[in-house]
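K.L.:
Got a predicted structure here, sequence first:
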Amino acid sequence: MTAETETKPTTCSEDGCEKAIYSKGKCRGHYEEEREANNPLCSAAGCDRNSYVRGLCRKHYVSQRSTSAKVGLSAEDLAVLAEVVEKLGKYNKKSALVAQAREILGLPSSVTAADGTP
């Protein structure tokens, strides 16, 4: 008696790709590419990349995560704090406290004058 067994593919289903399967029939690169292409855009201001985790692209997620660990806040609290610092900066452009908070949070400094002074 011969039992027929179906052999599962071991390489990526994308044409011309011979890499090992990572998930859903694709190698890690093609899987991540498809995953990111189907996600909405990053929620960071001015970013046009697709989101990766928690509504942020890979770059902004990693940046926020490392800043969050550095200051000991959750990602949500850090986002609220960054928003508050930005609002304060609009009203008090020369505040040393705002400049220091921007530096700690990894936010861009506010440069308004032609000579580069805030």
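P.N.:
In hand now; what should we look at? Residues are numbered from 1 along each chain as shown.

K.L.:
what's near enough to touch His65?
P.N.:
No, residue 65 isn't His; it's Arg. Going by C-beta atoms under 8 Å, 6 or more residues apart in numbering, Arg65 touches Ala75. For glycine as for every other residue, the C-beta is placed from the backbone atoms N, C-alpha and C.

K.L.:
Check the gap between it and Lys59 for me.
P.N.:
11 Å (C-beta to C-beta, to the nearest Å).

K.L.:
Return the set of buried residues in the longest helix along the chain.
P.N.:
Ranked by number of residues, the top helix in the chain under DSSP state H is helix 75-91. Buried residues in helix 75-91, defined by neighbour count with 16 or more other C-beta atoms under 10 Å: Ala75, Leu78, Ala79, Leu81, Ala82, Val85, Glu86, Gly89.

K.L.:
Then stretch 48-64?
P.N.:
Neighbour counts over stretch 48-64 (16+ other C-beta under 10 Å) mark Ser51, Tyr52, Leu56, Cys57, His60, Tyr61, Gln64 as buried.

K.L.:
ok, so of those, who is nearest Lys94?
P.N.:
Gln64 (26.7 Å; C-beta to C-beta).

K.L.:
Show me the helices in this structure, by range?
P.N.:
Remark: helices assigned in the chain by DSSP H are 28-37, 58-71, 75-91, 96-105.

K.L.:
Having no further points to raise, I will conclude here.
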